[in-house]
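> From the sequence below, what's the structure:
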Amino acid sequence: MSKMLDEIREQPEALERTLRGGLRESARFARTLRNRQPKWILLAARGTSDNAAQFGRYLLEITTGIPVSLAAPSIFTLYHARIRLEDAMVVAISQSGESTDINVVMEQARAQGALTVGITNEPRSSLARLAEHLFLVRARRERSIAATKTYTSQIMLFYVLAKALGARIRSEDLERIPEWTHAALALEPEIAERVERYRFMERTVVIGRGLNYATALEFGLKLMETCYVAADGFSAADFLHGPIAMIEASSPAFLFAPVGVTWPSIRDMLDRLATLKAETLLFTDLGHKEAVKSNSRAIVVPVRPKELYTPIPYIIPAQLFAGLLAERKGLNPDHPRTLTKVTRTL
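Residues are numbered from 1 along each chain as shown. As a prediction, the model looks like this:
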């Protein structure tokens, strides 16, 4: 059994620890914000952390109304452009805290007087030293190269950060996420049976929208790095602007379908894929009866969260799917070829 699967199973406890510490950090940070409200937010990350940042962008804009942008680190490291950051809050997200280009963004942001925040799993890392305010992922050391528990803990800290910025996010709702995560882990035996059908899959698309666009991107990344499947992640809206042309009969497609404002576009996408005779697999939950009925092969998370809180419970079965499929293919998801745990780029 892989370390990746072990670490997927550790997530309820990692999320509880991260939330407890994050709420304390949030209370301190909220006091800073009383006299230093940012006009906009810049998020800097790479890889899995960048997918967490994609979620953070949606969450922060939806719940706080503050404009959010994703950094292009090469603008700082290669083009040496001076970006005006004095009215910004710059948030760097890095599992290791040692991503060279992300730390350069943080250095320049702090030099320009921006409010700087670090989200990392390593309290003694370079990022932890550079950031004025630290929100610590408390997932403990991740041994598998494929990041799982650090990803969900980063998402948890974005909820906490949004709360500090004034979002109407209740601690009681956040406290239920570890419980929902534990319930999602119960799907492992079912998923272990389902992956056999996808053993020879070489290419697929993964589709989400809104808050679960990042979930689609992260599942696609996990399929690529652990199963060597060419998996493209798309917004349901963007998918119609060209990429749908590559769908053929029996093409595998995975979709994330929470109840809420994104469901009509996902439902339309399911109908469209059905006319193309694609093979679709839906991730949804017990609270979405229409989605469950719409796809006989749906993976149904046995919880009923509001859409705002679905990204963590939804990525759990997707992580399990990737880890179990890798093992079924005879691959080691802990050590994907050519990858290392810490990647340094400029």
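> And what about the residue nearest to T226 when sequence neighbours are not counted, helix, strand or coil?
Leaving aside its sequence neighbours, T226 sits nearest to P333 (C-beta to C-beta, 6 or more residues apart in numbering; 3.8 Å). Glycine gets a C-beta too; all of them are placed from N, C-alpha and C. Assigned with DSSP: H, G, I helix; E, B strand; the rest coil, P333 falls in the coil class.
> Would you confirm that P333 contacts D6?
No. Using C-beta atoms under 8 Å, P333 is not in contact with D6; the gap is 11.0 Å.
> ok, these two, which is more surrounded?
Neighbours per residue (other C-beta atoms under 10 Å) separate P333 from D6, with P333 holding more: 25 against 15.
> re the thing from before, can you pull the contacts of the residue nearest to T226?
2, 4-5, 144, 146, 226-227, 322-323, 326-327 (C-beta atoms under 8 Å, 6 or more residues apart in numbering).
> returning to that earlier point: find the residues that touch each one of P333 and D6.
S144.
> Who are the packing partners of the top helix by length along the chain?
Criterion DSSP state H: the longest helix present in the chain is helix 11-33. When contacts are defined as 3 or more C-beta pairs under 8 Å, 6 or more residues apart in numbering; DSSP states H and E, helix 11-33 packs onto strand 133-136, helix 149-164, helix 171-185.
> Out of these, flag the one nearest N121.
Taking C-beta to C-beta, helix 149-164 is the member of the helices and strands packed on helix 11-33 nearest to N121, at 5.1 Å.
> Just want the angle from that closest one to helix 171-185.
Counting by axes from the mean of the first three to the mean of the last three C-alpha atoms, to 10 degrees, helix 149-164 lies at 160 degrees to helix 171-185.
> Report the mean confidence score over helix 149-164.
Averaged across helix 149-164, pLDDT comes to 98.
> what is the orientation angle of it with helix 11-33?
Using the same axes, to 10 degrees: helix 149-164 against helix 11-33 is 30 degrees.
> Give the other helices and strands that helix 149-164 contacts.
Short answer (3+ C-beta pairs under 8 Å, 6+ apart): helix 149-164 packs on helix 11-33, helix 47-64, strand 115-120, strand 133-136, helix 171-185, helix 311-328.
> And those: which comes nearest F239?
Going by C-beta to C-beta, the one of the helices and strands packed on helix 149-164 nearest F239 is helix 47-64, 15.8 Å.
> surely L320 meets L187?
Yes. Taking contacts as C-beta under 8 Å, L320 lies within contact range of L187: 6.7 Å.
> circling back: for the helices and strands packed on helix 11-33, state which one has the densest average packing.
helix 149-164 (a mean of 26; mean count of other C-beta atoms under 10 Å).
> What is the distance between that one and the centre of its chain?
Centroid separation for helix 149-164 versus its chain: 10 Å, with C-alpha atoms, centre = their mean, to the nearest Å.
> now stretch 203-220
9 Å.
> Mind listing what's buried along that stretch?
For stretch 203-220, the neighbour count (16 or more other C-beta atoms under 10 Å) marks 204-220 as buried.
> can you pull the pLDDT of V105?
96.
> Return the residues in contact with it.
42, 44, 71, 73, 76, 90, 92.
> Show me the shaky parts of the stretch 201-346 of the chain.
245, 337-346 (pLDDT under 70).
> all strands of it, in order?
203-208, 230-235, 252-256, 279-285, 299-301 (DSSP state E, counting those that start in this stretch).
> Put together CSV for those, with distance to D271 on each row.
Shown next, in CSV, are those (distance: least, C-beta to C-beta, whole Å):
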stretch, distance to D271
strand 203-208, 13
strand 230-235, 17
strand 252-256, 12
strand 279-285, 10
strand 299-301, 19
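> Out of those strands, which gets nearest to R17?
strand 299-301 (22.2 Å).
> and the most centrally placed residue in the chain, what does it touch?
Nearest to the mean C-alpha position of the chain, counting by C-alpha atoms, centre = their mean, stands A52 at 3.8 Å. Contact analysis of A52 by C-beta under 8 Å, 6+ apart lists 45, 93, 151, 154-155, 158, 214, 218.
> again, only this time at 7 Å
45, 93, 151, 154-155, 158, 214 (C-beta atoms under 7 Å, 6 or more residues apart in numbering).
> can you check S49 too?
93-95, 154.
> cutoff 10 Å now
By C-beta atoms under 10 Å, 6 or more residues apart in numbering, S49 lies in contact with 43, 56, 92-96, 99, 102, 119-121, 137, 147, 150-151, 154.
> All set, thanks.
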